[in-house]
Every structure is written in C-alpha cells, then in structure tokens.
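Trainee: All I have is the shape, not the residue letters:
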C-alpha cells in the first residue's frame, strides 16, 4: 500500500515537472518548405507543405499561427535567409522579431517518384530544436505524406488538434492535387466578402476555373474543395444559384468547415438573401468566436440595416480573436469617429472598454488616466488581444522599465505581427537597452507597415544615443 502511494506521488511530481518544463504555446510561425529536385512547374509545392501544417496546427484553438503572408513580408523586408532546414540562429532571429514561441521550417526533396519531407521545430526562447520529423513515400501520395508530417509535428509539440470530416480525404492522383493548387492560387486574387471589381474583364478566367472544378468534382465528387472554389467563382460571375448549391455541398462535405461556411454566408449576402446570411453568421460566430471573418461579414449586414451600434460591436469582436483584419480596423475607426462610445450601447462593459481603448489609441492626444487600468483589465479577460499589451508596454517604456516593455511589445506582436506602432516602440525600448542592431530591424518593419511615419526624429535621437 505504501509503495502504491509513493508511486502515485512520484507520478504526480513528474507530471508537474513536465508541465512546468513545457512552455505554454501561444504563437507559432511556419515557413514555406524549400523544394529540391522539382521543376518550375512544382513551384507551389513548398508552400503547400507549410499550408497543411498551418491548417493542422490552427485546429488547436489555443494556438495563434502567424499567417504565412505576414511572415513572408517580414522575411522579405529584412532579407532573412529562411529556405529549408535553417539553422537555429536564423529561426530565433525571425521568431524574436514577432514574439513567437515556436518556429517551424522544413524541406521536400524528390528522387524520381520518391519524395522525402523533413521538418524542424525550434524553440525561439532557447534556440534548441525541440522536434524533428521525416516522412518518405511516393509523389502521388503527397497529400497523405503532408498530413503525416503535420500530425507528427502536432504530436511532438503536444498540440490538441482536431481534423474532422471530408476535408482531408486523399485525392486519387497527383495530377488532381496540382489542379487544386492551381485553383487555390487563382482564388488568392479573388475577394470573398465583396464582388470582384474586375469581374467583367476576368470572366474567361472564372469560366475556365469552373471548368477545372467540374473535372475535379467528376473525379472526386465527395471532396469539398472543388465545390468550394466553384461556388466562389460562380459568385463572381453572378451565378448565385450555382454558387449557393456548391457552397452548401462544400459545407456539408467538410462537416461545417469554417471557410466553407463563411463563403456560403457571403454568397447569401451578395445575392440579397441578407436574413438567411445573418442567421447563418450568428451561428458561425457562436461556433467560431475566435475567428474574425464571421464577425466582420455580420457587421456589413448590420451596417446595411443601419444597425450601426451592433455593427461596431461586431467589428470589436472581430478584433479579439486569432488574427487581425485590416478591413475591420478601418471600419471600427470610421465608426468610432462618428461618436464616442457609450456603455449602454454595448452588450458588456468589456466590449465598451475595448472601444475606449481604440478611441484612446486613435486620438493621438493625452491618454486618459484610466486607460492603463482598462488595458490591464482587458489583458486579463483577453490575453491574446494585442492592444492592451501595447498600452502596458508603453507604460513600462515611459517608466523606463525597458525589459518589461520589450516583453510586452513582443507579446503584442505575436498577436499582430504587422502592428507598426509596436515595432516602433519596441525599437525605442531596444535602443534604450543598447541592443542597436535588433532595434534597427524593428525600425525597418515599422517603416514597412506604417501608412505615415511622423516621428522619425524621435527614432533618430534614440538611434544616436544607442551608438
């Protein structure tokens, strides 16, 4: 009996030690895989590998994944060498710029009809490789191999991922996979929420893409993506009945995939079925409150109904989740410029306080004394919301607690990597700590992401003191 009790105690202690030794993952970045042995025709393949990993990791709702487009812009701006299985210094350098916990990179190599996928996951805090994964197989089974390596990475990092339904049903051959990638690339230039302003001159592109969708549907009728893309292109052709049917099928085949549901709501909205679109969006935002697109589209419907106070709240809720939509920021700024927020117009005091925080940020005047307390309270309620972290960091900078301000600004950037003011103030904090080279990187990112730079003299003064 005594031994059993001791064993239970030891197991409990070891479990606690493991929990303490594993950092809480809040933000992850995944780079495009380098590709070796492929012709130019397969230039999409490295990005495809990263996309599958991002999709898998994103299914853990406690994780914030830096969008690959944002990451690519940062890497390009700073001319960082990130291809393939990079060394730990490069991973740590890039990860530190945006405050991520883990940085994942990899490569895919082709030998005749065989392919090898390899990945490394780095701890940005320590620079250590915390996970390596390798899978081998036939090129025709690429879809399955990508899923395998994504699953291994998720398991190594102890992520709670959940992939449901027919989303990941393997395609029958590699040619079909290439066609899906073509459609994905085509769709990147097509808006989801609004009708394409160039749709009249792109009619032939849409018709050709729909033809490819039909071929894919004939070969894999129970795979949801061809239906999704056909619905998207049909919407921009004004073929709303077809778009409605295809998006409904896509949502059913994918077991209610978020993006499929959002597209269906957009089709309903753009075809004039606003009541049905609103009902669907209320269900989407209840099921996926951490994603912004549902809230943003709901705000468009509310604005069209002149329900402006409801629209402002929906825009605020869109900014409390996993990523920041510039359209939502622009809409909220416009809405708050009309009148100051009033407590009774919002469903909760927290949402009201978020509105006050944004108003204080955009006013550019003297901050009300209560703003810091509001920021601290909101940070407790919404730890992944970027703006309270910015105000907390700014207060630490003003009180010359530079190490604290660096930490807060990095946490802020892990939530919103393209937030220019956070890059600026982080640079000023780093200049104060005499970390000049790293500060200069954030100055460059501030210049890149800012619409207007009006405080260059402040930066120049801090730069001179650092030297």
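Mentor: Nice, I can see it. All values derive from a computational prediction rather than experimental measurement.
Trainee: CA atoms for contacts and neighbours, from now on please.
Mentor: Will do.
Trainee: Let me see the mean pLDDT of stretch 51-62.
Mentor: Looking at stretch 51-62 alone, the average pLDDT works out to 82.
Trainee: For residue 199, pull up the helix or strand it's in.
Mentor: Secondary-structure element containing residue 199, defined by DSSP states H and E: none, the residue being outside all helices and strands.
Trainee: Skip the chain neighbours and tell me the closest residue to it.
Mentor: Distance criterion Cα to Cα, 6 or more residues apart in numbering; nearest residue to residue 199, sequence neighbours excluded, is residue 236 at 6.3 Å.
Trainee: now swap in residue 64 and tell me
Mentor: Nearest residue to residue 64, sequence neighbours excluded (Cα to Cα, 6+ apart): residue 27, at 4.6 Å.
Trainee: Backbone dihedrals for that neighbour, please?
Mentor: Main-chain torsions, residue 27, degrees, to the nearest 10: phi -140, psi 140.
Trainee: and if you look at residue 100?
Mentor: Phi and psi for residue 100, reported as degrees, to the nearest 10, are phi -80, psi 160.
Trainee: which residues does it contact?
Mentor: By Cα atoms under 8 Å, 6 or more residues apart in numbering, the residues touching residue 100 are 26, 27, 28, 29, 124, 414.
Trainee: My read is that the second one contacts residue 98, right?
Mentor: Pointing back at residue 27 there. No. Look at residue 27 against residue 98 with Cα atoms under 8 Å: they stay out of range, at 9.2 Å.
Trainee: Which of these two has more residues huddled nearby?
Mentor: residue 98 (27 against 23; other Cα atoms under 10 Å).
Trainee: give me the element residue 296 is part of.
Mentor: Remark: residue 296 resides in helix 292-304, with elements defined by DSSP H and E.
Trainee: Pull out the buried residues from that helix.
Mentor: The neighbour-count criterion (16 or more other Cα atoms under 10 Å) identifies 292, 293, 294, 295, 296, 297, 298, 299, 300, 301, 302 as the buried residues of helix 292-304.
Trainee: Over to stretch 304-323?
Mentor: Of the residues in stretch 304-323, those buried by neighbour count under the rule 16+ other Cα under 10 Å are 308-323.
Trainee: Among those, which pair sits farthest apart?
Mentor: Spatial extent of the buried residues of stretch 304-323 (Cα to Cα) is set by the pair 308 and 322 at 24.1 Å.
Trainee: low-confidence ranges in the stretch 51-200 of the chain?
Mentor: 79-88, 160-174 (pLDDT under 70).
Trainee: which stretches of it form strands?
Mentor: 64-65, 102-111, 114-123, 129-138 (DSSP state E, counting those that start in this stretch).
Trainee: Determine the set of other helices and strands touching the shortest one.
Mentor: By that I understand strand 64-65. Under the contact criterion of 3 or more Cα pairs under 8 Å, 6 or more residues apart in numbering; DSSP states H and E, the helices and strands touching strand 64-65 comprise strand 27-30, helix 45-58.
Trainee: and among these, the most buried is which?
Mentor: Looking across the helices and strands packed on strand 64-65 with neighbours counted as mean count of other Cα atoms under 10 Å, the highest average goes to strand 27-30: a mean of 25.
Trainee: Note down every partner strand of whatever helix or strand comes next after that strand and its orientation.
Mentor: Next along the chain after strand 27-30, taking DSSP H and E as the criterion, comes strand 34-36. Paired with strand 34-36 in the same sheet, following DSSP bridges, are strand 102-111 (parallel).
Trainee: Could you dump the contacts of residue 100 into a markdown table and include distance to residue 423?
Mentor: As requested, the contacts of residue 100 are exported to a markdown table (distance: Cα to Cα, whole Å):
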| residue | distance to residue 423 |
| --- | --- |
| 26 | 19 |
| 27 | 17 |
| 28 | 19 |
| 29 | 18 |
| 124 | 18 |
| 414 | 11 |
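Trainee: Thanks again, I'm all set now.
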